[in-house]
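Asks: Model the structure of this input:
(one chain, ligands or ions: 1)
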Amino acid sequence: MEFLTNDKFTIVGAAGMIGSNMAQTALMMHLTPNICLYDPYAPALEGVAEEMFHCGFEGVNITYTSDIKEALTGAKYIVSSGGAARKAGMTREDLLKGNAEIAEQFGKDVRKYCPDVKHIVVVFNPADITGLITLIYSGVKPSCVTTLAALDSTRLQSELAKYFKIPASEINNSRTYGGHGEQMAVFESTTTVKGKPLKELIDEGILPAADWEALKTRVIQGGKNIIELRGRSSFQSPAYLSIEMIAAAMGGKPFRWPAGTYVNDDKFKHIMMAMETSITKDGVTYKEVSGTPEENKELEKSYEHLCKLRDEVIDMGVLPRIEEWHKLNQYIDNPTI
Ligand SMILES: NC(=O)c1ccc[n+]([C@@H]2O[C@H](COP(=O)([O-])OP(=O)(O)OC[C@H]3O[C@@H](n4cnc5c(N)ncnc54)[C@H](O)[C@@H]3O)[C@@H](O)[C@H]2O)c1
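Replies: Okay, the predicted model is just below:
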């Protein structure tokens, strides 16, 4: 059996809906034979492990534990969806305090048990902030941590496909950047529809401005819509895309969507947000995003919203002041050392 790597891959939050789907997807995609499932809720975790055993996957060593030391020791790749999910009526930001504290502990555990981890994908919400906290407390390089932000771009693709009644594969390079929250920046200038720039379709009125605005709202509220339809937060699509991200970090197929990454440049400072990224065996790198003046303004607004959330976490005492971050993570201001 061919695997992308033989390294240990740990799924944190594996008893949950996303975690259990990630376990199955990772096994089906032959990422590695060494998969460890971790969750503090032991009975459900055992249930997930039993289900994976009953699939009869060949040539794999599936372990499970509620002991974080055992879970992380020797782990080279981690995806974490271990945290509370939002319920009807909640925004991702409502999860901030509880999940920020979970991220702090998770980062500290990574530092203690697997400081030489190669890549971590953070999924639990608000992912831009929990990812940032994980990065700072773990002490790993910024290139080693990404957050799941792709769903907003896949939802843009899907909404456009439904609107034009064409297959999603004919919508290319649909992109949202910035925060993975209701303040995301939905771009029009990157997308093509059957090879024609979406912007031209909007400018020519083929996609009337009012329809475009309504479509963008559906993209922004795509997660809320799943909660309304299914009675719970989405789990299949986040599970699949997170596994595609970690597979890229293992040297697999390039990841095709934006990812949340640590950004600290002339424009945006000390923040984690969705950018145009490339995830490879060497980690994540990003390119500067530049759209129309309106899009750039939206991205700026999204960044400012994230800064507010980050500052709330600092006021809560979960993160120290930005000037102190380098004491927890030597790479934070100097990724190349
Ligand atoms: N980034 C995204 O695009 C995206 C999309 C959907 C959901 N999410 C988020 O992913 C997270 C998980 O969603 P879900 O539907 O799997 O929820 P879930 O409630 O089904 O599972 C969460 C799991 O985390 C475990 N957990 C709780 N505290 C933990 C801790 N301290 N350490 C490790 N594990 C812990 C729970 O026991 C549970 O099994 C939520 O925060 C949700 O908002 C993110």
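Asks: Show me which residues of the stretch 1-150 of the chain sit near the ligand.
Replies: Contacts of the stretch 1-150 of the chain with the ligand, taken as Cβ under 6 Å from any ligand atom, map to 12-13, 15-19, 39-41, 81-86, 95, 99, 102, 123-125, 127, 148. Where C-beta positions appear, they are placed from N, C-alpha and C, glycine not excepted.
Asks: mind listing the strands for the chain?
Replies: With DSSP state E as the criterion, the chain has strands at 8-12, 34-38, 61-65, 75-80, 119-122, 145-147, 171-172, 176-177, 185-186, 192-193, 196-197, 259-263, 271-280, 283-287.
Asks: Point out the most buried one among those strands.
Replies: Highest mean neighbour count of the strands of the chain: strand 145-147, a mean of 31 (counted as mean count of other Cβ atoms under 10 Å).
Asks: Identify all contacting residues around that one.
Replies: With contacts defined as Cβ atoms under 8 Å, 6 or more residues apart in numbering, strand 145-147 is touched by 119-123, 127-128, 130-131, 134-135, 138, 180, 245, 249, 259-262, 272, 274, 277, 279, 284.
Asks: can you pull the buried residues of stretch 303-311?
Replies: In terms of neighbour count (16 or more other Cβ atoms under 10 Å), stretch 303-311 has its buried residues at 303, 305-307, 309-310.
Asks: Rebuild those residues as CSV, extending it with distance to the ligand and pLDDT.
Replies: Shown next, in CSV, are these (distance: Cβ to the nearest ligand atom, whole Å; pLDDT from 0 to 100):
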residue, distance to the ligand, pLDDT
303, 18, 97
305, 16, 95
306, 14, 96
307, 19, 97
309, 14, 94
310, 17, 97
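Asks: I'd like the list of the residues you listed that fall within helices, please.
Replies: Among the buried residues of stretch 303-311, DSSP state H puts 303, 305-307, 309-310 in helices.
Asks: Residue ranges in the protein under the pLDDT threshold?
Replies: By pLDDT under 70, the low-scoring segments of the chain are 336-337.
Asks: still on that earlier bit, select only the buried ones of the residues of the stretch 1-150 of the chain next to the ligand in PyMOL?
Replies: To isolate the buried ones among those in PyMOL, judged by 16+ other Cβ under 10 Å, type:
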select buried, resi 12+13+15+16+17+18+19+39+81+82+83+85+86+95+99+102+123+124+125+127+148
